[in-house]
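> Predicted model and sequence follow; I will ask about them next.
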Amino acid sequence: MYINGVEIEDTFAEAFKMRAARLIITAANEKWALTAAQVATGFATSVIACGAEAGIEGAIPANETPDGRPGVSILVFTMGPKGMEDQLMRRVGQCIMTCPTTACFNGLESEEKLKIGGSLRYFGDGFQISKLIEGRRFWRIPVMEGEFLVEESFGIKKAIGGGNFLILGESPQSTLEAAEQAVEAMREVRGVVMPFPGGIVRSGSKTTSQYKFLRASTNTAYCPTIRRQTESALPEGVNSVLEIVIDGLNEWAIREAMRVGIRAACRPGVVRISAGNYGGTLGQYQFHLREIVGAG
Amino acid sequence: MGCISCAGLMKEEELTESAVTLRLREPTTIPIEADSICPDNFANRSRGEIEDLPVFYGRRKMKLGELFEVEGEKSDTIILQGDLRQVKKIGQRMTRGRITVQGDVGMHLGAYMGGGEIVVEGNAGDWAGAHMQGGRIWIRGNAGHLLGAAYRGEKRGVNRGVIVVEGNAGREVGAQMRRGLIVVLGDVGEFAGAKMIAGTILVSGRLGARAGAGMKRGTIVALAEHDELLPTFRYECRYQPVFLRYYLLRLREWGMTVGDEYVNGFYRRYHGDVTALGKGEILIYDQH
């Protein structure tokens, strides 16, 4: 299968069950809402080394946020509820509460909830104030700037992490341009984030290593500089590979993000679109590229 | 006054044909205790069974059907008509459904109610929403004294729920309330939020004297004029409380017109009552 002369490999991305939370961060203006969102989703590329995968889902206009101020929605993914509680405590407490003018609201309705504001409140040293309206409890924590408003509980739900595709290009420039186009298109899809820098990974990994102390190592099959020294998966003419990893709230969101992303990436200078998998033995979900791009 | 103007606070729901309509047969000066007028009691009862429900006419125990004409059956939507100023305890302990009072109503409306909605198109007597546990009371006219307050001798009053009064309310609004929200678009009398334990009282008109006397926690918001605060409240700062934005925007969602100046505005914060725990607050809109 070819799109705009780019080969779509007959393969699939393998993805895993995760837990997700959505945080709505508001602030006095877009600048500070975005600042808090960027910091809160920083160092959250891979759940293995960072504890969470997170990213900015999108901006929310003031008239759609709970407090009528400019907002940003972020998604945080972890392997389970316990890890999520730890990560949200750290990220809300250290990155959002510390950021001037912000407030933080739950953005995911779910039966399964984690007490985050309800634990952060103790930072108020006894001067915190609870507010309950329409079944939602908030905590007003006094801070030097004024007050930090945070919702007591945040819903979490089962989600999917590890959707991906690889862009195999003729040059680093053309590959990066294609990846940027793909990410831009994918950011229009709600319910997904691309947790790596700018949404793009240059150092994809495999799950083995020649070193006993290392669980993962560079994805040698896709490294152009060592293609003659290893069992390479790169066709002739490919000199650079970039990966886009997608975490999403549901299967549909990931499929849609992959669909628009792959289509946007199929442009001059790109040779092939592939995907990372483990032979279908590890992940609970498989996203077959040809089936996805053929849909819609 | 009038900083929140009310333009059709509640959408006038179409009254379903299945509603039970009660019409007081004759105006009376004798108090009627009618805690049986409750959606929970009507939902599964036939007309005859509804007419057989007990009420007290003064000290005489009577049947509901002797005092009210009853139309309809088996519904948790109730419409009340007639001069009901002497009818007490309507909707007491209700947990579901809706009561619409097409006129004035007597004391203890919706006391202890845990859910559902009561709409009064006229005025309500004293103790409306006393010890409310949930649901919503919407009074288009004025409310009497002790709106959403605790009964004498009780330690805690309203615990969840929302009360909105489009007109004025009397003394001791929200006295000893524990949780919940009371909004009065007109003036309130003395001792609003007296001995308040928590919760929120928002007054759009004039806040009466001695507000928050003895309050431990909780919030009283004054959007307009106010009588002199007690000396046991101390000024702390002038700021923009984000939580109040959230509250005011919810009021907008409920159909009230709330000016942007109140949503975005600054408020002077006073904490008190320092003769009690002192963790309550009075927020006063500061237009300067």
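Everything's here; your move.
> Which SSE is immediately downstream of the helix or strand harbouring residue B:163?
In this structure, residue B:163 is located in strand B:162-165 according to DSSP states H and E. If you walk from strand B:162-165 toward the C-terminus, the next helix or strand you reach (DSSP H and E) is strand B:181-184.
> what is the rounded mean pLDDT of whichever helix or strand comes after that following strand?
Once the chain leaves strand B:181-184, the next helix or strand it forms, by DSSP H and E, is strand B:200-203. Average pLDDT, strand B:200-203: 98.
> what does stretch B:279-288 give?
What stretch B:279-288 shows for mean pLDDT is 94.
> for it, the distance to its chain's centre please.
22 Å (Cα atoms, centre = their mean, to the nearest Å).
> does the lengthiest helix in chain B come close to chain A?
Across chain B, the longest stretch assigned as helix under DSSP state H is helix B:242-253. Yes: Helix B:242-253 reaches chain A (Cβ under 8 Å from any Cβ of the partner chain) through B:242-243, B:245-247, B:249-250. Yep, even glycine has a C-beta here, placed from its N, CA and C like the rest.
> which residues are in contact with that helix?
A:26, A:66-69, A:103, A:131, A:133-134, A:138, A:140, A:147, A:149, B:4, B:181, B:183, B:200, B:202, B:221, B:258, B:262-264, B:267, B:283 (Cβ atoms under 8 Å, 6 or more residues apart in numbering or on different chains).
> cool, stretch B:150-159 as well?
B:127, B:129-133, B:148-149, B:174-180, B:182, B:197, B:199.
> what ranges do the helices span in chain B?
B:39-42, B:47-51, B:64-67, B:242-253, B:260-264.
> Out of those helices, which one sits most buried?
Among the helices of chain B, helix B:39-42 has the highest mean neighbour count (mean count of other Cβ atoms under 10 Å in any protein chain shown), at a mean of 22.
> Need the CA coordinates for that helix. PDB is fine.
Extracted C-alpha coordinates of helix B:39-42, given in PDB (Å, rounded to 0.1, in the frame of the first residue of the first chain):
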ATOM      1  CA  PRO B  39     -43.100  13.500  46.400                       C
ATOM      2  CA  ASP B  40     -41.900  10.300  48.200                       C
ATOM      3  CA  ASN B  41     -45.400   9.800  49.600                       C
ATOM      4  CA  PHE B  42     -47.200  10.500  46.400                       C
END
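> What strands line up against the strand holding residue B:163, and which way round?
strand B:136-139 (parallel), strand B:181-184 (parallel) (DSSP bridges).
> roughly how far is the first one from the heart of the chain?
Meaning strand B:136-139. Worked out by Cα atoms, centre = their mean, strand B:136-139 lies 5 Å from the chain centre.
> The closest residue to residue A:199 other than its chain neighbours sits in which helix or strand?
Nearest residue to residue A:199, sequence neighbours excluded (Cβ to Cβ, 6 or more residues apart in numbering or on different chains): residue A:183, at 3.6 Å. Per DSSP H and E: residue A:183 is located in helix A:172-186.
> Repeat that for residue A:291.
Per DSSP H and E: helix A:289-294 holds residue A:291.
> pLDDT averaged over that helix, what's the number?
Confidence over helix A:289-294 (mean pLDDT, whole number) is 94.
> ok, and what's touching it?
By Cβ under 8 Å, 6+ apart, helix A:289-294 touches A:1, A:3, A:8-13, A:165, A:255, A:258-259, A:262-263, A:273-275.
> So which bits of that helix are buried?
Under the neighbour-count criterion of 16 or more other Cβ atoms under 10 Å in any protein chain shown, helix A:289-294 has A:289, A:292-293 buried.
> Which one of those is nearest to chain B?
Closest approach to chain B among these (Cβ to the nearest Cβ): residue A:292, at 39.2 Å.
> picking up where we left off before, rounded mean pLDDT for the helix or strand that the helix holding residue A:183 is followed by, please.
Downstream of helix A:172-186, the next assigned helix or strand under DSSP H and E is strand A:192-193. Mean per-residue pLDDT for strand A:192-193: 98.
> what's downstream of strand A:192-193, the next helix or strand?
Immediately after strand A:192-193, counting by DSSP H and E, sits strand A:205-206.
> hmm, who's touching whichever helix or strand comes after that following strand?
Downstream of strand A:205-206, the first helix or strand assigned by DSSP H and E is strand A:217-218. Residues outside strand A:217-218 that contact it (Cβ under 8 Å, 6+ apart): A:203-206, A:208-211.
> low-confidence ranges in the stretch 151-296 of chain A?
A:295-296 (pLDDT under 70).
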